[in-house]
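Asker: Just a sequence and a predicted model for now, questions to come.
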Amino acid sequence: MKLAVIGDPVDHSRSPAIHRAFLKEAQIDGGYVALRVPLPNAISVIRRMRMDGYIGCNVTYPLKEEALRACDTLTEEAERAGAVNTLFFGRDILGHNTDGIGARSALEALIDESISLRRIGVLGYGATARAILAQFSENDAYTFVWGRDPERVDDACARFDASPWPATNPPEIVVSTLPPEVRLPPEILDAVIRADIVMDVNYGERATLNRQLDREVLPGDAMLEAQARASFDFWLAHIDGVAPAG
């Protein structure tokens, strides 16, 4: 069972270790590798991977939107997000997105209850943010969006029944999907510092938001592990005849 993750950069990815553990746990003979794929090469690489016998592939920054165009069919999660982070190579290339369920699972494990009716701010409006907003909206959270481009903020709010970042009464939970180098303006910085919970979808050396805020920030490890499990289960659900080895 050949699996991989593609992105740029990808050397930092924990996905190979996580999925190799899943394969071992399921007693499935297979492997999982990390492949650096710069823009705009995702579509050609994805199609070659299918020919080379890969069963599934994860997609990370900055390829999630480009990879969408390589898919023959999409799940509802991928359609809503307008991006994919999980591919299944069957008769067709099927695109899926588990980023939203990963973020929700990580937060619900932390607060030990549903995110329903919680006020959650999302920093950013890119591929990962859209998947998260879609999942949170489906689970009845009140969501707010911040980003530097007002038109993209308005578009995200319209698509996912969210609201622009409030001038008063800031969200109690904040999820940042921003790249590590982005600096927050003072008014947003102050609101995020005062939030009850802050989660950065970045992990490892890329999880730098805590330095900017000078407060505790939940790194993206828990979200990564939850979305990885959802991806692995998705692949197994679409494979006929997969059985434990031995």
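Answerer: Cool, the structure landed.
Asker: Outline the domain layout of the chain.
Answerer: 2-98+225-238, 100-223 (automatic domain parsing).
Asker: For stretch 175-190, buried residues please.
Answerer: 175, 176, 177, 178, 184, 188 (16 or more other C-beta atoms under 10 Å). All C-beta atoms are positioned from the backbone trio N, CA, C, and that covers glycine.
Asker: before we move on, back to that, save the domains of the chain as a markdown table, and put in mean pLDDT too.
Answerer: Converted to a markdown table, those look like this (pLDDT from 0 to 100):
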| stretch | mean pLDDT |
| --- | --- |
| domain 2-98+225-238 | 97 |
| domain 100-223 | 96 |
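Asker: How about residues contacting the helix or strand containing residue 18?
Answerer: In this structure, residue 18 sits in helix 15-25 according to DSSP states H and E. Defining contact as C-beta atoms under 8 Å, 6 or more residues apart in numbering, one finds that helix 15-25 is touched by 1, 3, 5, 29-34, 58, 60, 224-225, 228-229, 232.
Asker: Need the three-state assignment for the nearest residue to residue 206 once chain neighbours are set aside.
Answerer: Excluding its sequence neighbours, the residue lying closest to residue 206 (C-beta to C-beta, 6 or more residues apart in numbering) is residue 180, at 5.0 Å. Secondary structure state of residue 180, per DSSP: H, G, I helix; E, B strand; the rest coil, is coil.
Asker: Residues contacting stretch 189-196, please?
Answerer: Outside stretch 189-196, the residues touching it (C-beta under 8 Å, 6+ apart) are 121, 123, 165, 170-174, 176, 184, 198, 212-215.
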